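Novice: Fold the following.
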Amino acid sequence: MACLQYFLPGVMASDLASGGQLNRPLLEERGLGSIFADITRPADCPHFELAGSGGPGGKPGVIIYALPGHGNPPRRTGYFADDKNFEWSPVGDGSKLWICIDRAFPPAPVDLPRRQMIEGHAVKLDDGNEWIVPVIRRWGGGTRLPRSFSYDSAGKLLQAVKPGYQAYWERSAAVSDFVYANGSVELQWAVDTCLDLLGLNYRLGRNEQTVLGLVGSENWRDILRAAVDYPTALQVLEEERLKKKAEPVNSPPAMSSAEPGSTAG
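Specialist: Numbering: from 1, shown residues only. So this is what the prediction gives:
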């Protein structure tokens, strides 16, 4: 099993957690707020200090990573300056964050899942693995996003996308237009959207894309299609085609006496 490690220069273990709670403002300030958003217990977020000049960039600090949902610890963690498989990359100027991938054991989908996954379609990304893209808009209506339930005055059940996911629902309208109505999108917007979609189910974002290279020119369209349930649409249309093909052929209708182009015709 593998993971992504993060190094926070100038941070000590005591800064990360106190009273059984993670220091959310610190994680946000260091660019890890969304990556660790679903982790509530410090025990699920192992960390250890590097003193003196023992860390990436010759700085002291703390290494932090998230335990995979399957509960098995990663094969190798730590900072080993002489091990070329441990590839540490600074984020920006490296003053706030570094990210590491172990090239000998690169993380797979099973290593980076959120605590709760949203149902979706599998899409093969550039690492050769299939990752689950959540369905934001279902074919035929509705969504797989988390919803809240209530009732109107007549007792009818009402559903609403939960506030934390509303932005995804709104953005999916442009994705649907691109997929089903031959709309157009800018590549920057498309890739950003792909990473945000994958980030709903996995600990992925722009920094992780830089080191993992999951989204590429051959799969970003597939990610957007999956988000608006295009695979289901294709399946439904194919089933309808086969059903129609199996139906008995009826006798052709009688020819109309109307002239071509007339109202009757």
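Novice: rest of the way, CA atoms for contacts and neighbours
Specialist: Noted.
Novice: excluding its backbone neighbours, what's nearest the most centrally placed residue in the chain?
Specialist: Geometric centre of the chain, nearest residue: L198, 1.1 Å, by CA atoms, centre = their mean. In space, and not counting its chain neighbours, L198 is closest to V133: 5.8 Å by CA to CA, 6 or more residues apart in numbering.
Novice: you'd agree that neighbour is up against L197?
Specialist: Yes - with contacts counted by CA atoms under 8 Å, V133 reaches L197, the gap being 6.5 Å.
Novice: In terms of neighbours, single out the busier of the two.
Specialist: V133 (29 against 24; other CA atoms under 10 Å).
Novice: average pLDDT across the host helix or strand of the more buried one?
Specialist: Of the helices and strands defined by DSSP states H and E, V133 is found in strand 130-134. For strand 130-134, mean pLDDT is 98.
Novice: And the next helix or strand past it?
Specialist: Later in the chain than strand 130-134, the nearest helix or strand by DSSP H and E is strand 147-151.
Novice: Which other helices and strands does that next one contact?
Specialist: strand 157-161 (3 or more CA pairs under 8 Å, 6 or more residues apart in numbering; DSSP states H and E).
Novice: Now do the following helix or strand past the strand it packs on and strand 147-151, the angle between them.
Specialist: With elements assigned by DSSP H and E, the helix or strand that comes after strand 157-161 is helix 166-180. Following axes from the mean of the first three to the mean of the last three CA atoms, to 10 degrees, one obtains 110 degrees for the angle between helix 166-180 and strand 147-151.
Novice: outside of stretch 52-69, which residues touch it?
Specialist: By CA atoms under 8 Å, 6 or more residues apart in numbering, the residues outside stretch 52-69 that reach it are 3-13, 36, 44-51, 73-74, 78-79, 81, 88, 94, 98, 110-115.
Novice: Can you pull out the low-pLDDT segments for the protein?
Specialist: 69-71, 249-265 (pLDDT under 70).
Novice: re earlier: quick one: the residue nearest to the centre of the chain and I132 touch, right?
Specialist: Yes - L198 lies in contact with I132 (CA under 8 Å); the separation is 7.5 Å.
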